[in-house]
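K.L.:
Curious how this folds, go ahead:
(2 chains)
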Amino acid sequence: MHPIVNDIYTALPEIFVLGMAMAILLIDLFLTERTRFLTYALSQFTLLGAAMITVATHTPGVGYAFSGMFVDDPLADVLKLMSYLATSVVLVYSRSYLAERGMFRGEFFVLTLFALLGMMVMISGRNLLTLYMGLELLSLCLYSLVALDRDNPRATEAAMKYFVLGALASGMLLYGMSMLYGITGNLDINQIGSALVKGAPDRAVLILGLVFVVAGLAFKLGAVPFQMWVPDVYHGAPTAMTLLVGSAPKFAAFALVMRLLVQALQGVVHDWQGMLILMAVLSIALGNIIAIAQTNLKRMLAYSTISHIGFLLFGIMSGTLNGFIASMFYVSVYVLMTLGGFGMILLLSRRGFEAENLDDFKGLAARHPWYAFLMLLLMFSMAGVPPTIGFYAKFAVLQAALQVGLVKLVVFAVLMAVVGAFYYLRVVKLMYFDEPQHDAPVRAQPDMTMVLTVNGLAVLLLGLMPQRLMELCAYAILHSIQ
Amino acid sequence: MTDMLTIYVLIPLLPLVAAVVIGLFGRKLPRAAAHWMTIAGVAVSFLLSCFVLKDVLAGHTFNGAVYTWMTSGGTVFEIGFLIDALSALMMVVVTFVSLMVHIYTIGYMHDDPGYSRFFSYISLFTFSMLMLVMSNNFMQLFFGWEAVGLVSYLLIGFWFKRPTAIYANLKAFLVNRVGDFGFLLGIGMVLYTMGSLDYQAVFSIAPQFADATVELIPGHPWQLMTVICLLLFVGAMGKSAQVPLHVWLPDSMEGPTPISALIHAATMVTAGIFMVARMSPLYELSTTALSVVMVIGAVTALFMGFLGIVQNDIKRVVAYSTLSQLGYMTVALGASAYSVAIFHLMTHAFFKALLFLAAGSVIIGMHHDQDIRNMGELKKYMPVTWITALIGSLALIGTPFLSGFYSKDSIIEAVALSNIPGSGFAHLAVLAGVFVTAFYSFRMYFLVFHGKARWREARHEHGQAAQDAHHHGLGPHDEPHESPWVVTFPLVMLAIPSVVIGYLTIQPMLFGDFFKGAIVVNAEAHPAMHELAHHFHTVFHSPAGMALHAVASLPFWLAACGVGLAWFFYLKRPNIPETLKQRFAVIYAILENKYGFDTFNERFFAAGVRWVGDRLWRHGDVQIIDGTLVNGTARLIGCFAAVIRHLQSGRIYHYAFAMIIGVFVLLTWFMKV
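P.N.:
Okay, the predicted model is just below:
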């Protein structure tokens, strides 16, 4: 096969998404309010097409393209498929919310597709430059999406904070990357990896670079002490944007961690392990404790995210393949639960009303028993109550940490999970035992109700049969990381 | 062999299936489905049990697991069956009485709104009892033990709108917890010391522990086997209602009469007797335990009999009679005459179920008036009930040739031949018990079926009758009537074995090798049974000979005196009991208060436990656990959260500052090397 053909073939999903995003940008210009649905349909079609291409070009082996700048391995394929699915669900959940608030416009879909493209580049990047390019593409799209509702001062403020802090974090990441380049003379992930394993270059410079890289990654993940943006952005952004920010990009961030820390910086695993331990412990503690004091559900879920990231780091910091598999399992479960949680807020919101306060969930069981039941499943899963999937996710990462002897940390994490159970169960208590504060009916689109039902039940069904998802994660990790 | 295994599995399973189907869908199915399904299940179980008994008599026993439930730390928990003479006999007795009670229930519960629920419960009971007797390990024994207890609880409180029924079933539940606590400790002790829960394994290893000691209180070594046997016997005391854990049984009469017959006379209450007989290899190792068993049994046999004399509720008279007869069985166990105890268990199951069902029939005839002072002359109105009740009473007091005679006389003989400490007292008690039994049985019989028709005077307390639909009694112009055939048929069916079963089976069961391998007796240490057999073979030669010799023996004349005195007091000179009651007011008051057990329990245990519970709740739970530990932690974390949430100031330069501090901390921490 000619190199160019091979390059195109390997990056076909990305090229398809790019082409479709451009096409939608053009087509949307000619649509009116009434025909805008076409944009939505085309976006969903893009996701479906990308998924089909990814599946069709999938091989269990590792393929390179563009002189090794780009990689297509099972890890990339699985994470991309998960990202498509998450993005697709985001579109379904957001549709009526956006339409009611005048944001059902071409920009949203084009920006979302470009953000997805950024994620895909991050997932498949095998060069510091590619990775950075993907990250910036994603970040810039997200900044604009948060600010899409221009006249909403809270959203604009959130976007501004996100942008400034994000720029700072990008600067740190880039600075760290330049250090790595400086001591290894290479931008290629594999080359850096083998250079570090071979000989020990100047350690001080290496650690300096590592700290900055870790800081940049921690910002993307939202780990303490780089979590400051998370509550403000989650809270301030329109809920549909929060849903997007909180879901699919986590897959890309996970891929970034895998590429940078595991594939490039495996040689200094003991150093980044220590840093991750510190951040994991702080994230779990801070996230769970501050979440208790929240009255706003979006903000509560933001802190809950911070604690989930702490658990995710537990798997990565174990530094074993088992740990990576557990982390990947955790991140997929986390995205599933986040989609459901914010999806429920979207479902209960309507024109001029955001169902984002905890009080809005009071007495939901009396008004809508089925939605309350789904929310109950989601909350149980986030708290880690068996037999929901959240339990297995926590179990897997903690088990991985136990295997490398981090007993005290695991005990600490479990205790903090108990603290966390409080605020999740409080939602359940509000829904089932308190009197409703209003009795406005929920008018949900049938497609949204259906997807949300599947989403909620998946939390339970996967919990009963976690084996398949676990096998998928094991397949992706074991075939991609040596 | 696999065919037989299928049959073993089917025997308990059929009643279970019927119980589940009727329990879940009974409301939707027609009323008749409830009794047809459950009766069919129990009937097939009964026929299969008979087949199994025949198979066992041909020498085919079985011991094995059918299902492994779980393995934990090397201990295997299994569902398994041990089918030998002992369990096969129990299976036949249980399914037969259960079948009769099922049929009887059609008539007795005819108008009850809980018709299908009742059938579901009694089928469930049959399943549980079969699991108990067929078990080959302690685990399953305990399961059956608790399951029959549960069903008993449900059935005593069957009429759950009556406060007295709720009180009674709670009482039964609590008292049985005391027994089960000991029982569970005993099982735990067996597992701890012998490392297995399987009967066969435990029995084969037990002799090695004959001299082992255990120090429950440091410095006081006790014989291990004595401790185990006594703990297990505490369980038997609860289930088989031995003093002082007997208090629940009389109150259990609040349940419908069919279950009084099935559960609280014929089967469940004999589970304790069965269990001790099954554990004979263990009990034979501890003479101390046997002594305790014998003395407790003797006390129960005599003193509970006295109480039967002063009762006026027809079911309570029979209930105290049951307590007394259970005492007899326990005495037999103490004398190492396990086979005699099981023999009496079987005969008693037939004639006591008969008496209970007859009492139920009388209650139907009297329109749910249970006071024997309001009855009389019923033989004219209820001939079948009269004849069968007479047969039951004669069997109970030990009339020669009837079944009760063979079993009770054998017990008395065995106790006389026993040489363990306490046997002298026990012998006196069981002899006196014969007189007492005859007296209260025929007191009831004469008051109910003979004499004046006192129900014509209709002295009911109508205030109470209005409140309680089940105790209304006959109206001014009503007359008692014979019960329908579904009620009298079981009476006749039970009367037949009450008459003949002792004569037919005493030779193989007591003196043959029917129980060989199932019951172990150490003939050197406890020779009573051996000598009894010797006596039978050299003096009596045959069951008929035994009956003929009895005419010249003390128990026969004691029983005759009892009947005579009852006739004199209650038919000839009905004013005498009243005079005696006033003359011996103190004794009467003691009996009326049942020796004060209930009062003591209420004042001491119930009030004491409530006091302790109240203190623990107020100080331990509310103040320390809830106040300090639980809410204290929550408050602490809540305060902490309220403080550190202010870190999120909303100002972007604070955020950027935090990030830079974070990088700085990481740098200084990890660059040190």
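K.L.:
Where does pLDDT dip in the stretch 401-550 of chain B?
P.N.:
Counting by pLDDT under 70, the stretch 401-550 of chain B shows low-confidence ranges at B:458-472, B:475-477.
K.L.:
Could you pull out the helices in it for me?
P.N.:
B:403-417, B:423-449, B:462-467, B:485-506, B:528-535, B:543-550 (DSSP state H, counting those that start in this stretch).
K.L.:
The stretch 301-450 of chain A too?
P.N.:
Ranges of helices in the stretch 301-450 of chain A, per DSSP H, counting those that start in this stretch, are A:321-348, A:364-367, A:369-383, A:389-403, A:407-433, A:446-464.
K.L.:
what's next to the second one, contact-wise?
P.N.:
Contacts to helix A:364-367, defined as CB atoms under 8 Å, 6 or more residues apart in numbering or on different chains, come from residues A:348, A:371-373, A:375, A:430-432, A:436, A:439, A:442. In short, each C-beta sits where N, CA and C put it, glycine included.
K.L.:
Can you tell me which of these is nearest chain B?
P.N.:
The shortest approach to chain B among the contacts of helix A:364-367 belongs to residue A:430, at 17.0 Å (CB to the nearest CB).
K.L.:
confidence score at the closest one?
P.N.:
pLDDT, residue A:430: 92.
K.L.:
How about the contacts made by it?
P.N.:
Going by CB under 8 Å, 6+ apart, residue A:430 touches A:358-359, A:361-364.
K.L.:
sorry, back to before: so which of the helices of the stretch 301-450 of chain A is the most surrounded?
P.N.:
Among these, ranked by average contacts under mean count of other CB atoms under 10 Å in any protein chain shown, first place goes to helix A:321-348 (a mean of 25).
K.L.:
Quick check: which helices or strands does that helix pack against?
P.N.:
Under the contact definition 3 or more CB pairs under 8 Å, 6 or more residues apart in numbering or on different chains; DSSP states H and E, helix A:321-348 sits against helix A:74-100, helix A:239-246, helix A:249-257, helix A:297-317, helix A:369-383, helix A:389-403, helix A:446-464, helix A:467-478.
K.L.:
so where's the longest helix in the chain?
P.N.:
Looking at chain A here, since you left the chain open. Counting by DSSP state H, the longest helix found in chain A is helix A:153-184.
K.L.:
Chain B is the one I meant
P.N.:
Per DSSP H, chain B has its longest helix at helix B:163-194.
K.L.:
Just the buried residues of it, please?
P.N.:
B:165, B:168-169, B:171-173, B:175-176, B:178-180, B:182-187, B:189-190, B:193-194 (16 or more other CB atoms under 10 Å in any protein chain shown).
K.L.:
With stretch A:95-111 instead?
P.N.:
Result for stretch A:95-111 [16+ other CB under 10 Å]: buried residues A:95-99, A:101, A:103-106, A:108-111.
K.L.:
Please see if the longest helix of chain A touches chain B.
P.N.:
Yes - for helix A:153-184, a contact with chain B is found by CB under 8 Å from any CB of the partner chain, at A:160-161, A:164-165, A:168-169, A:172.
K.L.:
can I get those in TSV with distance to residue B:236?
P.N.:
As requested, the residues of helix A:153-184 next to chain B are exported to TSV (distance: CB to CB, whole Å):
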residue	distance to residue B:236
A:160	80
A:161	76
A:164	80
A:165	75
A:168	79
A:169	75
A:172	77
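K.L.:
of these, closest to residue A:139?
P.N.:
Closest approach to residue A:139 among the residues of helix A:153-184 next to chain B (CB to CB): residue A:169, at 8.8 Å.
K.L.:
from what I can see that closest one touches residue A:228, true?
P.N.:
No - look at residue A:169 against residue A:228 with CB atoms under 8 Å: they stay out of range, at 10.6 Å.
K.L.:
can you list residues touching both of the two?
P.N.:
Counting by CB under 8 Å, 6+ apart, the shared contacts of residue A:169 and residue A:228 are residue B:659.
K.L.:
More neighbours: the two, which one.
P.N.:
Ranked by neighbour count (other CB atoms under 10 Å in any protein chain shown), residue A:169 and residue A:228 place residue A:228 first, with 26 against 23.
K.L.:
so where is the stretch 1-150 of chain A shaky, pLDDT-wise?
P.N.:
Ranges of the stretch 1-150 of chain A meeting pLDDT under 70: A:1.
K.L.:
ok and the residue in it nearest chain B?
P.N.:
Counting by CB to the nearest CB, the stretch 1-150 of chain A gets nearest chain B through residue A:143, at 13.9 Å.
K.L.:
any idea which element that residue lies in?
P.N.:
Assessed by DSSP states H and E, residue A:143 sits inside helix A:128-146.
K.L.:
how far off helix A:249-257 does that helix point, in degrees?
P.N.:
With axes from the mean of the first three to the mean of the last three CA atoms, to 10 degrees applied, the angle from helix A:128-146 to helix A:249-257 works out at 160 degrees.
K.L.:
So which other helices or strands are in contact with helix A:128-146?
P.N.:
Applying 3+ CB pairs under 8 Å, 6+ apart, one finds that helix A:128-146 contacts helix A:106-124, helix A:153-184, helix A:239-246, helix A:249-257.
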